[in-house]
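A.B. asks: Fold the following.
(one chain, ligands or ions: 1)
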Amino acid sequence: MDANIPQTTFDCDVTIVGAGPAGATAAYYLAKAGHRVILLDRQTFPRDKVCGDLVGSTAIKELQALNITEQPEFKNAHVINKAAVYIDGKLAISSPMPKISGLTGVWREISRKTLDNWVLDSAKNAGATVYQNVLVTGYELDSKGVNVFASSSEGNQIFHSDLLIGADGSNSLIASKLRGSEVPCSNRITVIRGYYEGVEGACDQVDLHFANESFPGYSWLFPNSQNEADVGVGVLLEPMPQAGQLEDLLAKLMSQDEGLQSRLKNAKLKGKIEACQLNTYNSHLPIVGDRIMLIGEAAGLVNPINGEGIPYALLSGRWAAQTAMGCIGQKDFSQCALNSYAMQVENELGSGFKLSELLVQLMRNRTLNPIWLRAFEVMVDRAKKDPQYANIAGGILSGLFSSTEGLKPQFIMNTLQETTVGTGLKMVNETFGDPSNLPKNVIKITQSGVEAAANTIQNPFGIFKWGIETAEKMAEFAFIFPSSIMMLKQCPRESQASVPQITIRVVQQ
Ligand SMILES: Cc1cc2nc3c(=O)[nH]c(=O)nc-3n(C[C@H](O)[C@H](O)[C@H](O)COP(=O)(O)OP(=O)(O)OC[C@H]3O[C@@H](n4cnc5c(N)ncnc54)[C@H](O)[C@@H]3O)c2cc1C
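C.D. replies: You can find the predicted model right below:
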């Protein structure tokens, strides 16, 4: 139940800042176990949140544990059965959602106003105390615990507890204070989205559009009813594009991209386009400290390949609550005691996220856009003929491999060579490695390959920086999966551009 806030100091076991899916899930589990939890949010629920609103199968499994999926409102939520991939405006493939054992193949499109309120209601029903419209401004540790400072229309408050969980999203104050720095630009993506009505085509199909203008990144169209959809675009670039640039890009794509046109030609914007920044995972940034844990997007738990974050918010909320319960029992809230949560995140999500990070890093070099886009085409061609391959490739793109316990890293590694990255690296190799391969290579990329080589010469520093960063990610990845050396051996040859040289040197270390 919401409470009126008197101007006093509050005492509890755990203070949670941020009542989105991550914070509300942690509050649910802690309150259910009988602990005194206070959940703070600066907004008043139900509140909206800029999002693609796509709720995948891992998230649905977690919602089931919160008793949400049995509710009639959830059962009536908009159903998504299939996904289509468009490349440069042409439909490449449309197929059912990947089938992974133990997970539903039916996804949902649910506005965050609705979804987040359901999760918050679960936390309240379990006994969490929720204070809304309360802005947290800082925290301090003392010998007895942690003090969280906040302000609201009632004045200033102090919340005292043994433990603080930071679930305050992409601009997390708790994360900045814990780390002493902001999230690096390479882990930030600017994204925009708008709701459109008058949308045509299959309303149970989400569309991903890959095009040269928006790559590395993509635009999406996720239907949320018979004729309405959430439409947006995000591009992974440094420096990050401004929201206005992305609005121009979306407008351009909507008027010129045949795929988007086919569904949006008569569509009208409902409300306004909204921008937001999201954080992607960086395994080097701490997510625990003495008496502090970060969860959800505050911890950067967003898959870099597709921007999906709801499942990781729900999972990390549950894991953090479980660790917190152990710490309450032991009366030990040291960083060392809380580290088991950080290790769980790394063990369960780290390998999948590192794979995504590597894929994204490889594709970050816009010079090679045409090659990666061609690699997508090759991948899609094979997926059309081979349903098992389609499932695996779809699993990587949809992020299911980052969140599915049944899919082990070795299995992912073995199939990696057959997906975009393997195909793309082979093409890079053929295009740069041996000019005599050019005529043999796919005619469509020949011209692009020559342009790419020319750009490499014109911008050696950009390519060098990309190469160093790629090498770092490759090294991390090869450390986890020694068998990835097999894949790296397919990298471009040492005798050519600087990128391949760096990559190969790292593998040999
Ligand atoms: C454009 C876009 C599209 C996306 N599409 C998808 C998608 O389709 N599917 C998917 O799975 N994921 C998607 N994501 C990612 C997803 O939105 C996030 O990963 C998810 O919201 C993280 O949940 P959270 O609980 O960690 O944080 P949030 O949902 O952001 O909640 C954080 C809460 O903290 C509160 N807060 C912040 N600061 C303070 C403060 N100082 N004091 C008090 N309260 C505070 C905020 O009010 C907010 O309610 C998308 C993200 C973006 C930006």
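A.B. asks: what's the pLDDT at residue 1?
C.D. replies: If you check residue 1, the pLDDT there is 43.
A.B. asks: same question, residue 469
C.D. replies: Reported pLDDT for residue 469: 63.
A.B. asks: Thought residue 66 was touching residue 28, still the case?
C.D. replies: Yes: using C-beta atoms under 8 Å, residue 28 is in contact with residue 66, at 5.9 Å. Bear in mind the C-beta positions are built from the backbone N, C-alpha and C, glycine included.
A.B. asks: Could you check which of these two is surrounded by more residues?
C.D. replies: Just comparing residue 28 and residue 66: by other C-beta atoms under 10 Å the higher neighbour count belongs to residue 28, 29 against 23.
A.B. asks: if we can go back for a sec, which residues are in contact with each of residue 28 and residue 66?
C.D. replies: 119, 122 (C-beta atoms under 8 Å, 6 or more residues apart in numbering).
A.B. asks: From the ligand, how far off is the residue lying closest to residue 124 once chain neighbours are set aside?
C.D. replies: Distances taken as C-beta to C-beta, 6 or more residues apart in numbering put residue 130 closest to residue 124, at 5.8 Å, once the chain neighbours are dropped. Distance of residue 130 to the ligand, given as C-beta to the nearest ligand atom, to the nearest Å: 11 Å.
A.B. asks: helix, strand or coil for residue 130?
C.D. replies: strand (DSSP: H, G, I helix; E, B strand; the rest coil).
A.B. asks: and it, bridged to which residues?
C.D. replies: Legend: beta-bridge partners of residue 130 under DSSP bridges are residue 2, residue 39.
A.B. asks: Quick one: name the residues of the chain near the ligand.
C.D. replies: 17-23, 40-43, 49-54, 135-136, 167-169, 173, 191, 193, 232, 276, 278, 296-298, 302, 307-311, 313 (C-beta under 6 Å from any ligand atom).
A.B. asks: Can you give me the neighbour number for whatever residue of the stretch 151-300 of the chain ends up closest to the ligand?
C.D. replies: Nearest residue of the stretch 151-300 of the chain to the ligand: residue 296, at 2.2 Å (C-beta to the nearest ligand atom). Using other C-beta under 10 Å, the number of residues around residue 296 comes to 33.
A.B. asks: for residue 50, same thing?
C.D. replies: The number of residues packed near residue 50 is 19, by other C-beta under 10 Å.
A.B. asks: my guess is it meets residue 193, correct?
C.D. replies: Yes: counting by C-beta under 8 Å, residue 50 touches residue 193, with 5.8 Å between them.
A.B. asks: Please enumerate the shared neighbours of these two.
C.D. replies: 274, 276.
A.B. asks: Let me know the secondary structure of residue 275.
C.D. replies: strand.
A.B. asks: Now do the same for it: its pLDDT.
C.D. replies: 92.
A.B. asks: Next: the one 3 residues further on.
C.D. replies: With respect to pLDDT, residue 278 has a value of 89.
A.B. asks: for residue 87, same thing?
C.D. replies: pLDDT for residue 87: 80.
A.B. asks: unless I'm mixing things up, it is touching residue 207, no?
C.D. replies: No: taking contacts as C-beta under 8 Å, residue 87 lies outside contact range of residue 207: 11.5 Å.
A.B. asks: Where does the prediction get shaky in the stretch 51-200 of the chain?
C.D. replies: For the stretch 51-200 of the chain, no stretch has pLDDT under 70.
A.B. asks: residue ranges of the strands in it, please?
C.D. replies: Remark: strands assigned in the stretch 51-200 of the chain by DSSP state E, counting those that start in this stretch are 54-55, 78-80, 82-87, 90-96, 107-109, 129-131, 135-142, 145-152, 155-166, 188-197.
A.B. asks: Can you give me the neighbour number for the closest residue in space to the residue of the stretch 151-300 of the chain closest to the ligand that isn't next to it in sequence?
C.D. replies: Nearest residue to residue 296 in three dimensions, chain neighbours excluded: residue 22, at 2.6 Å (C-beta to C-beta, 6+ apart). Residue 22: 33 surrounding residues under other C-beta under 10 Å.
A.B. asks: likewise the one 4 residues further on?
C.D. replies: Neighbours of residue 26 under the rule other C-beta under 10 Å: 33.
A.B. asks: Look up the closest residue to residue 234, ignoring the ones flanking it.
C.D. replies: Residue 234's closest residue in space is residue 191 (C-beta to C-beta, 6+ apart), at 3.7 Å.
A.B. asks: Just the residues of the chain next to the ligand: which are in helices?
C.D. replies: Residues of these located in helices (DSSP state H): 21-23, 173, 310-311, 313.
A.B. asks: Return the member of these nearest to residue 290.
C.D. replies: residue 173 (17.4 Å; C-beta to C-beta).
A.B. asks: Check the residues of the chain next to the ligand for burial and list the buried ones.
C.D. replies: 17-23, 40-43, 49-54, 136, 167-169, 173, 191, 193, 232, 276, 278, 296-298, 302, 307-311, 313 (16 or more other C-beta atoms under 10 Å).
A.B. asks: Mind pulling up the pLDDT for residue 262?
C.D. replies: Looking at residue 262, the pLDDT reads 93.
A.B. asks: what helix or strand is it on?
C.D. replies: helix 258-264 (DSSP states H and E).
A.B. asks: can you tell me which residues contact the closest residue to residue 19 other than its chain neighbours?
C.D. replies: Computed as C-beta to C-beta, 6+ apart, the closest residue to residue 19 that is not its neighbour in sequence is residue 41, at 3.8 Å. Residues in contact with residue 41 (C-beta under 8 Å, 6+ apart) are 17-20, 23, 47, 130-134.
A.B. asks: Quick one: end-to-end length of stretch 206-222, please.
C.D. replies: 5 Å (C-alpha to C-alpha, to the nearest Å).
A.B. asks: buried ones in it?
C.D. replies: For stretch 206-222, by 16+ other C-beta under 10 Å, it's 206-211, 214-222.
A.B. asks: list the contacts for residue 276?
C.D. replies: In this structure, residue 276 makes contact with 50, 170, 190-193, judged by C-beta under 8 Å, 6+ apart.
A.B. asks: can I get the residues you listed in JSON lines with distance to residue 32?
C.D. replies: Shown next, in JSON lines, are the contacts of residue 276 (distance: C-beta to C-beta, whole Å):
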{"residue": "50", "distance to residue 32": "30"}
{"residue": "170", "distance to residue 32": "27"}
{"residue": "190", "distance to residue 32": "37"}
{"residue": "191", "distance to residue 32": "34"}
{"residue": "192", "distance to residue 32": "37"}
{"residue": "193", "distance to residue 32": "34"}
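A.B. asks: And the residues you listed, which is closest to residue 34?
C.D. replies: Looking across the contacts of residue 276 and measuring by C-beta to C-beta, the closest to residue 34 is residue 170, at 31.9 Å.
A.B. asks: Tell me how many other residues crowd that closest one.
C.D. replies: Counted with other C-beta under 10 Å, residue 170 comes out at 19.
A.B. asks: How about residue 123?
C.D. replies: A count of neighbours around residue 123, defined by other C-beta under 10 Å, yields 27.
A.B. asks: could you list every residue that touches it?
C.D. replies: By C-beta under 8 Å, 6+ apart, the neighbours of residue 123 are 19, 24-25, 27-28, 31, 37, 39, 130.
A.B. asks: just residue 111 next, same as before
C.D. replies: Contacts of residue 111 (C-beta under 8 Å, 6+ apart): 48, 53, 224.
A.B. asks: Identify the residue nearest the first one in space, chain neighbours excluded?
C.D. replies: Read that as residue 48. residue 113 (4.8 Å).
A.B. asks: Contacts only, for that neighbour.
C.D. replies: Counted by C-beta under 8 Å, 6+ apart, residue 113 has contacts 46-49.
A.B. asks: Next one: it from residue 197, what distance?
C.D. replies: Separation of residue 113 from residue 197 (C-beta to C-beta, to the nearest Å): 17 Å.
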